[in-house]
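In: my questions are about this predicted structure, shown below with the sequence.
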Amino acid sequence: MAMFGNLSDRLAQTLGSLRSKGKLTAADVDGTVREIRRALLDADVALPVVKEFTAHVRERALGDEVNQALNPAQQVVQIVNDELIGILGGQVRPIEFAKQPPTVIMLAGLQGAGKTTLAGKLAKRLVGERHTPILVAADLQRPNAVTQLQVVGEQAGVPVFAPEPGNGVGDPVRVAKDAVRYARDKQHDVVIIDTAGRLGVDAELMKQAANIRRATNPDEVLFVIDAMIGQDAVATAKAFQEGVDFTGVVLSKLDGDARGGAALSVAHVTGRPIMFASTGEGLDELEVFHPDRMASRILDMGDILSLIEQAQAAFDEDEARKVAEKIASDQFTLDDFLTQMQQLRKGGSLKKMLGMLPGMGQMREALDSFDEREIVRTEAIIQSMTPAERQNPKILNGSRRLRIARGSGRTVNDVNELVKRFEQAAKMMKTVARGGVPQVPGMGPMGGIGAGKGKSAAKAKAKAKSQGRARSGNPAKRQQQELEERTATPAAAGFGSAFGAGAKAGQGQPSEDELAQLQKFLGK
């Protein structure tokens, strides 16, 4: 996930260098503060914000709370986290609804900041909260702006008030006033007004926005700002605050910016809270801005609460209970596996959800290279099976696997790998459901859990030898056996290289007597 990627890496590296020190000197603190200052400036954070932030961190880091702490380095991390929360706004600011409907929400910002898309995202979110919003096409300057809002409204399932065709025709102030009256008559409890923007701040833009505000007296004026405009974010925000004034900020395109300095500058400079963050192009990708959670993401400490909320919204609790019962009773099928994957996709981008886990910043390259379309390919393979094959994968012979591969546009090896992964996953989930500890493939049995018993190990060894001597007459199975034999040697080599400093396969491996002594030592 690109959100605050560079800043997160720099801060994690800077604070990580403190962990090896039992006591921090003034020189250590000054060096850390200097690196934090550079990281913030590189992230396009406004200079006044950087000076104030680093001054507070240095003052607290040299105070008694760090000197008397058992772990000074961890205390400095906590100080940086607290100060980040402070400049991000401190607390969550929800929409304040009018006591007498309709609640009028006016969107303001430069052209291209994402106001029209945000209008659709906000409307869809409000529909989910059981409101009845209506979108208002008051941007009559930009070509086809009215048409775009109508398309977005249709996608969100929300009506659009658009009496004028736009493209330079019509009075936006009259449209906004008529929209509020129309919403009151038709019992819409929220009115979202999409106003015009300009490529830059000018007097005409401010005058029109101010006139709409005076005519409609909105309950909320949301300033939409592109997170990628960098240092110019502060100047633009100040201009809108003086010309129109706004009650809250919405950050758009936060997913596409590896710096994100606007988020750390706007709230602190203007004194207005960041209320929402747009993290993608889809209408569902709008998040309530939580300063504490965002600070944790920046410091690579994860955002578990947001992850839980997304999971709760995507997964059906009753369905999950049924699946758990099936797993415990050994009745978990490929149909259940498919249902679980489809529910996982409902939660949004898998990359974003994985990015919310603590420490994932250190695995950013692997996360960026992860192909989410692999889930779609897996669904295609399962959906190419008959109901009987999904219920009982053991009946999948060579001809059936070949048919499934052709029907899904994949290879026989892909089908074989899916079946193998499903069997391993079902076995692990069954073990966990019964209160045991699963044996992770490639890691061997876990000590003291009853794994790796002599008879089963000998049986598995004999089976492996017999598989090495005999080859199946089925072409698909024979191809799979050859693939397993080819991948078996690199696995052994990888084990040797990890613990034997790059030893070749077969060299530096423990003998059977040494393994027996190790088993005896572990109490098996």
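Out: Noted; the coordinates are in hand. Numbering: from 1, shown residues only.
In: the stretch 251-400 of the chain: strands as residue ranges?
Out: Listed in chain order, the strands found in the stretch 251-400 of the chain under DSSP state E, counting those that start in this stretch are 274-278, 286-288.
In: now swap in the stretch 51-200 of the chain and tell me
Out: Taking DSSP E, counting those that start in this stretch, the strands of the stretch 51-200 of the chain run over residues 103-108, 133-137, 160-161, 190-194.
In: which residues touch the shortest one?
Out: What it means is strand 160-161. 134-137, 149-150, 153-154, 175, 178-179, 182-183 (C-beta atoms under 8 Å, 6 or more residues apart in numbering). Placement of C-beta: from N, CA and C, glycine included.
In: and which of these is nearest to A380?
Out: Nearest to A380 among the contacts of strand 160-161 is E154, at 29.1 Å by C-beta to C-beta.
In: what separation is there between the closest one and L118?
Out: 16 Å (C-beta to C-beta, to the nearest Å).
In: for V77, same thing?
Out: 34 Å.
In: settle it for me: which of those two has more neighbours?
Out: L118 (23 against 19; other C-beta atoms under 10 Å).
In: which residue comes closest to the more buried one once chain neighbours are left out?
Out: V224 (5.6 Å; C-beta to C-beta, 6 or more residues apart in numbering).
In: from what I see, L40 and L264 are in contact.
Out: Yes. Between L40 and L264 there is a contact at 7.1 Å, judged by C-beta atoms under 8 Å.
In: who's more crowded, the two?
Out: Using other C-beta under 10 Å, the more surrounded residue of L40 and L264 is L264, with 28 against 25.
In: mind checking pLDDT for the more buried one?
Out: At L264, the pLDDT value in this model is 75.
In: equivalent analysis for K51, please.
Out: Looking at K51, its pLDDT is 89.
In: what is the burial count for it?
Out: Neighbours of K51 (other C-beta under 10 Å): 12.
In: skip the chain neighbours and tell me the closest residue to I375.
Out: M341 (5.6 Å).
In: can you tell me how far the one you found is from T25?
Out: On the measure of C-beta to C-beta, M341 and T25 end up 53 Å apart.
In: so for the two, which residue has more residues nearby?
Out: M341 (14 against 10).
In: distance of that one relative to H56?
Out: Separation of M341 from H56 (C-beta to C-beta): 46 Å.
In: residue ranges with poor pLDDT in the stretch 1-150 of the chain?
Out: For the stretch 1-150 of the chain, applying pLDDT under 70 flags the ranges 1-6, 20, 22, 64-70.
In: how close does T411 sit to I395?
Out: Taken as C-beta to C-beta, the span from T411 to I395 is 20 Å.
In: please read the previous query as pertaining to V136.
Out: From V136 to I395 the distance is 59 Å (C-beta to C-beta).
In: ok, those two, which is more surrounded?
Out: Counted by other C-beta under 10 Å, V136 and I395 do not tie: V136 has more neighbours, with 31 against 10.
In: quick check: the gap between the more buried one and A156.
Out: In terms of C-beta to C-beta, V136 sits 14 Å off from A156.
In: how about L149?
Out: Distance from L149 to A156, by C-beta to C-beta: 10 Å.
In: these two - which one has more neighbours?
Out: L149 (26 against 22).
In: list the contacts of the nearest residue to that one once chain neighbours are set aside.
Out: Nearest residue to L149, sequence neighbours excluded (C-beta to C-beta, 6+ apart): A137, at 4.8 Å. Counting by C-beta under 8 Å, 6+ apart, A137 makes contact with 145-146, 149-150, 160-162, 164, 166, 175, 194.
In: same question for V127.
Out: Taking C-beta under 8 Å, 6+ apart as the test, what V127 contacts is 133, 156-158.
In: who wins on neighbours among these?
Out: Neighbour-wise, those (other C-beta under 10 Å) top out at P133, 26 neighbours.
In: the nearest residue to that one once chain neighbours are set aside pairs with what?
Out: Nearest residue to P133, sequence neighbours excluded (C-beta to C-beta, 6+ apart): V190, at 4.0 Å. V190 has these beta-bridge partners by DSSP bridges: T103, P133.
In: V190 contacts L126, correct?
Out: Yes. With contact defined as C-beta under 8 Å, V190 reaches L126; the gap is 5.6 Å.
In: anything in contact with each of the two?
Out: P133.
In: low-confidence bits of the stretch 151-300 of the chain, can you list those?
Out: Filtered on pLDDT under 70, the stretch 151-300 of the chain yields the residue ranges 230, 256-260, 263, 300.
In: got phi/psi on the nearest residue in space to M385 that is not next to it in sequence?
Out: Spatially, and ignoring its direct neighbours in sequence, M385 is nearest to I404 (5.7 Å; C-beta to C-beta, 6+ apart). Phi and psi for I404, reported as degrees, to the nearest 10, are phi -60, psi -40.
In: can you start the count at 562 instead of 1 from here on
Out: Noted, 562 is the first residue going forward, which turns the last one into I965.
In: distance of I965 from T972?
Out: Taking C-beta to C-beta, one finds I965 at 10 Å from T972.
In: higher neighbour count, those two?
Out: I965 (24 against 15).
In: I figured the more buried one hits V976, correct?
Out: Yes. Counting by C-beta under 8 Å, I965 touches V976, with 5.2 Å between them.
In: name the residues contacting each of the two.
Out: Shared contacts of I965 and V976, defined by C-beta under 8 Å, 6+ apart, comprise 942, 957.
In: isn't R759 right up against L671?
Out: Yes. With contact defined as C-beta under 8 Å, R759 reaches L671; the gap is 6.4 Å.
In: which of these two has more neighbours?
Out: L671 (22 against 16).
In: please report phi then psi for that one.
Out: As for L671, its main-chain torsions (degrees, to the nearest 10) stand at phi -70, psi 160.
In: what's the neighbour count on the residue lying closest to it once chain neighbours are set aside?
Out: Computed as C-beta to C-beta, 6+ apart, the closest residue to L671 that is not its neighbour in sequence is G758, at 4.9 Å. Counted with other C-beta under 10 Å, residues neighbouring G758 total 24.
In: now do G673
Out: Around G673 there are 14 residues (other C-beta under 10 Å).
In: same deal with A838?
Out: A838: 23 surrounding residues under other C-beta under 10 Å.
In: OK, contacts around it?
Out: 811-812, 815, 824, 847-848, 850, 855.
In: what about 7 Å?
Out: 812, 815, 848, 850 (C-beta atoms under 7 Å, 6 or more residues apart in numbering).
In: if I look at it, how far off is R775?
Out: Counting by C-beta to C-beta - A838 and R775 are separated by 29 Å.
In: beta-bridge partners for the closest residue to E848 other than its chain neighbours, please?
Out: Distances taken as C-beta to C-beta, 6+ apart place A838 nearest to E848, at 5.0 Å, with adjacent residues excluded. For A838, the beta-bridge partners are L812, E848 (DSSP bridges).
In: quick one on the thing from earlier: relative to A987, which of the strands of the stretch 612-761 of the chain is closest?
Out: Here strand 694-698 is closest among the strands of the stretch 612-761 of the chain (C-beta to C-beta), at 44.5 Å.
In: residues in contact with the one helix or strand M767 maps to: which ones?
Out: M767 belongs to helix 764-777 when assigned by DSSP states H and E. For helix 764-777, contacts defined as C-beta under 7 Å, 6+ apart pick out 665, 667, 669, 699, 733-734, 737-738, 741, 754, 756-759, 782, 804-805.
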